[in-house]
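Peer 1: A predicted structure for the sequence below; I have some questions about it.
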Amino acid sequence: MNRTTFVPTLKAFSLAAAKSALAAAALFALCGLLSCSNLGESASYSQAQNSIAANLPAGKARVCGTIDGADSMSRSVVPTASAVTAAVSSYDVYAWNGTSVPKESPIHGTVVTSGGSTTFSIDLDYGSWYVRAEALDSSGNPILCKTSPLLTLHDTNPVANLSLSVGYAQDAGTGKLDLALTFDGTIGVEKILYELTGPSGPLSDTITVSSGATSVDFDDSLIPALGTLEPGQYNLVLEFRNGHGMLLARVEQTVHIYSNLTTNKVLGSSPYISSGNINITSAVAQSFLQSSIYVGGTGVGTSKAADDTNNGTQYDPIASLKRAFEIINNSTLTPTDGFKIFAQTDLELEENIDIATGQKITIYGTKRSGAPYTIDGGGTYSITAGGDSFDCSCICFNKIKGFKITAGQANFYACKITNGTAMSGGASSGCGGGLCVVGTGTKAVLAGCTISDCQASYGGGIYVSDDIGSGTSEVQLKDCLIGAESSVPAQNEVGKYSNIATSTGGGIYVGTSGKLTFSGNNKISYNCSAGNGGGINYNGSVDAEFAGVKIASNYAKNSGGGLY
């Protein structure tokens, strides 16, 4: 799943403005100029605070901060985005209290850009206020924004600092998606299946390609809903098929939609990306066909039953994952996007799966609706991903005895990991009933996933810590459920819970060399620990504000039912 990203640009926007707008979707940090969190600067903070306070009118307080420049790439809007280009022309900061000052008629602050940095200040009466920062296009329309929690100002807090990160402007208007899809006329594309999932809900259908056509405009003239998409991150799947239903190429990408912008450019270096567009050449199609292995089901156009004596093409599917990995390990091909395994039925592991150094493997579940296909480990077999990348889409991993990521990056989209147990023996033995992420620089990104009914000593659902090297391992969660939505049948004498840790970290355990971040709307609930941290037990680096996550209905026998 070699993800690039679709990004918005403003058509008919000046070159100079476009250059200055590079990566406007990066998270512009609104950091206080007078940061009391910097303990080494406490003396200078006090002097500056007293100086400003002495010059404020009676009953007034000041909120100060900075906005990183539009070309700052210190943070990314979403984990999968390598860069996002948007047309930011100016910034605005304003405040309201909902009573004497309504949001419709707020108090605007002063924003100054000088020497590559942008600062702001705003003077307000004592009381409770909301402060909002916006990045605007050349017409004054918000592209990115962030509203602070309720901020209370009083005589003992006359100078306040904020730390905000602007992102998708959910309340500032919709955006558009406009992509040019081109393909070689010799490969026989007759249908394009699409599925777009995100804030505006799932959109899916089949586009019939006109005879002799070599391009399709994927925009609101073809699909009206693409003209009014809610801002946010989407997942787009495009399948290019011939008249027999044979899959010629598959694209699965992250799409970013922003208020008042048209997303019409693709960033990245995949073979199918050409001048910011998707272009399926004959070489791209050939590489895709040669590196794709189909497991289970029947052959396209042949109804040939799956059998391990077949060659694994769409016409001749094989029957087992064991045979699929034999084909990969014996192949002399080195496809840029790695090998793709398409599961066309529920499958069982017959042996431990070890993905070797240098390998790139993606497993797709081809069921387009309903429950995903299942890969079942029978409580006996494990999966260890130690290659460059390991990606999964729409798969349920059930009863895996140790699911470990030891190198590279693993991406999971719309997957489930259920009834898993930790691997015994070796590094991190007994850790991570659902997923164990270890190794220097190792990262696992989960979007729209569920981990439930798993058990381990440490991290019933997830364990993350570099237990192999001396660096950092990371887990990123977006719109995920760790545990259950409600109480589940009793697992043991503790009560009704989903993921269970017999030591610490029922839902998630973050070690001293681990990192955990959240985006979107995540839920960690109905997990339990026989020790500390029913929901999360952490010793490493965690999103301090826990933005984008709800922790509820967890249990710990000792301390920290939700968080320890």
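Peer 2: Arrived safely. Numbering: from 1, shown residues only.

Peer 1: the residue nearest to Tyr538 when sequence neighbours are not counted pairs with what?
Peer 2: Take Tyr538 and drop its neighbours on the chain: the residue closest to it by Cβ to Cβ, 6 or more residues apart in numbering is Val510, 3.7 Å away. C-beta: built from backbone N, CA, C; applies to glycine. Assessed by DSSP bridges, Val510 has beta-bridge partners Val464, Tyr538.

Peer 1: and Val510, what's its pLDDT?
Peer 2: If you check Val510, the pLDDT there is 92.

Peer 1: measure it to Gln253 for me?
Peer 2: 29 Å (Cβ to Cβ, to the nearest Å).

Peer 1: out of those two, which sits in the more crowded spot?
Peer 2: Val510 (26 against 23; other Cβ atoms under 10 Å).

Peer 1: and the pLDDT for the nearest residue to Gly296 once chain neighbours are set aside?
Peer 2: Distance criterion Cβ to Cβ, 6+ apart; nearest residue to Gly296, sequence neighbours excluded, is Thr345 at 3.3 Å. Looking at Thr345, its pLDDT is 93.

Peer 1: hmm, back to that, distance check, the residue nearest to Tyr538 against Gly533.
Peer 2: Counting by Cβ to Cβ - Val510 and Gly533 are separated by 9 Å.

Peer 1: returning to that earlier point: please look at the residue nearest to Tyr538 and Val464 and confirm they touch.
Peer 2: Yes: in this structure Val510 lies within contact range of Val464 using Cβ atoms under 8 Å: 5.6 Å.

Peer 1: name the SS class of Ile278, please.
Peer 2: strand (DSSP: H, G, I helix; E, B strand; the rest coil).

Peer 1: chain center to stretch 405-416: distance?
Peer 2: Average the C-alpha atoms of stretch 405-416, do the same for its chain, and the two points are 11 Å apart (Cα atoms, centre = their mean, to the nearest Å).

Peer 1: that stretch: which residues count as buried?
Peer 2: The neighbour-count check on stretch 405-416 (16 or more other Cβ atoms under 10 Å) flags Ile405, Thr406, Ala407, Gly408, Gln409, Ala410, Asn411, Phe412, Tyr413, Ala414, Cys415, Lys416 as buried.

Peer 1: got the end-to-end distance for it?
Peer 2: Length of stretch 405-416, first residue to last, Cα to Cα, to the nearest Å: 16 Å.

Peer 1: now swap in stretch 353-361 and tell me
Peer 2: Across stretch 353-361, first to last residue, Cα to Cα, it's 12 Å.

Peer 1: buried sites along that stretch?
Peer 2: Ile353, Asp354, Ile355, Gln359, Lys360, Ile361.

Peer 1: now these in TSV, with pLDDT and secondary structure?
Peer 2: Listed next are these as TSV, based on pLDDT from 0 to 100; DSSP: H, G, I helix; E, B strand; the rest coil:
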residue	pLDDT	secondary structure
Ile353	91	strand
Asp354	90	strand
Ile355	88	strand
Gln359	87	coil
Lys360	90	strand
Ile361	92	strand
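
Peer 1: which one of those residues sits closest to Asp316?
Peer 2: Taking Cβ to Cβ as the measure, Asp316 lies nearest Ile361 of the buried residues of stretch 353-361, at 20.4 Å.

Peer 1: the closest one bridge partners, please.
Peer 2: Taking DSSP bridges as the rule, Ile361 bridges to Phe339, Phe390.

Peer 1: that one reaches Phe390, doesn't it?
Peer 2: Yes: using Cβ under 8 Å as the test, Ile361 is close enough to Phe390 to be in contact (5.6 Å).

Peer 1: and the helices in the chain, which stretches?
Peer 2: Along the chain, counting by DSSP state H, helices occupy 15-20, 42-54, 282-290, 321-330.

Peer 1: which residues does the third one contact?
Peer 2: Counting by Cβ atoms under 8 Å, 6 or more residues apart in numbering, helix 282-290 makes contact with 184, 186-187, 240, 247-250, 271-272, 313, 333, 335-337, 340, all of which sit outside it.

Peer 1: again, 10 Å this time
Peer 2: For helix 282-290, the surrounding residues in contact (Cβ atoms under 10 Å, 6 or more residues apart in numbering) are 183-189, 240, 242, 246-251, 270-274, 278, 280-281, 313-314, 331, 333, 335-337, 339-340.

Peer 1: those residues in strands, which ones?
Peer 2: 183, 240, 247-251, 273-274, 278, 280, 339-340 (DSSP state E).

Peer 1: hmm, back to that, where do the contact lists of Val510 and Gly533 overlap?
Peer 2: Gly459, Asn539.

Peer 1: and which of the buried residues of stretch 405-416 is nearest to Ala447?
Peer 2: Tyr413 (5.2 Å).

Peer 1: show me what contacts that closest one?
Peer 2: By Cβ under 10 Å, 6+ apart, the neighbours of Tyr413 are 1, 3, 80, 197, 235, 237, 252, 254, 364, 391-395, 445-449, 478.

Peer 1: from these, keep the buried residues only.
Peer 2: Using 16+ other Cβ under 10 Å, the buried ones in the contacts of Tyr413 are 1, 3, 80, 197, 235, 237, 252, 254, 364, 391-395, 445-449, 478.

Peer 1: pretty sure Tyr168 contacts Leu229?
Peer 2: No: judged on Cβ atoms under 10 Å, Tyr168 makes no contact with Leu229 at a distance of 11.0 Å.

Peer 1: common neighbours of these two, please.
Peer 2: Common neighbours of Tyr168 and Leu229 (Cβ under 10 Å, 6+ apart) are Gly175, Pro199, Ile257, Tyr258, Ser259.

Peer 1: with adjacent residues omitted, what lies nearest to the third one?
Peer 2: So that's Ile257. Residue nearest to Ile257 in three dimensions, not counting chain neighbours: Gly175, with 4.2 Å by Cβ to Cβ, 6+ apart.

Peer 1: show me what the one you found is bridged to.
Peer 2: With DSSP bridges as the rule, Gly175 is bridged to Leu229.

Peer 1: for Thr517, same thing?
Peer 2: Bridge pairing for Thr517 - DSSP bridges - gives Gln476.

Peer 1: any idea how far Val475 is from it?
Peer 2: 8 Å.

Peer 1: more crowded one of those two?
Peer 2: Under the criterion of other Cβ under 10 Å, the comparison of Thr517 against Val475 puts Val475 first, with 24 against 17.

Peer 1: list the contacts of the more buried one.
Peer 2: Val475 touches 405, 410, 435, 437, 442-446, 462-464, 508, 510, 514-518, counting by Cβ under 10 Å, 6+ apart.

Peer 1: pull the contacting residues for Thr152.
Peer 2: Ala61, Tyr126, Gly127, Ser128, Trp129, Ala160.

Peer 1: buried members of those into ChimeraX, please.
Peer 2: Buried residues among the contacts of Thr152 (16+ other Cβ under 10 Å), as a ChimeraX selection:
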select :61,129,160
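
Peer 1: now, which of the contacts of Thr152 lie within strands?
Peer 2: Per DSSP E, the contacts of Thr152 map to strands at Ala61, Gly127, Ser128, Trp129, Ala160.

Peer 1: verify the contact between the first one and Leu151 for me.
Peer 2: Yes: under the criterion of Cβ under 10 Å, Ala61 is in contact with Leu151, at a separation of 9.4 Å.
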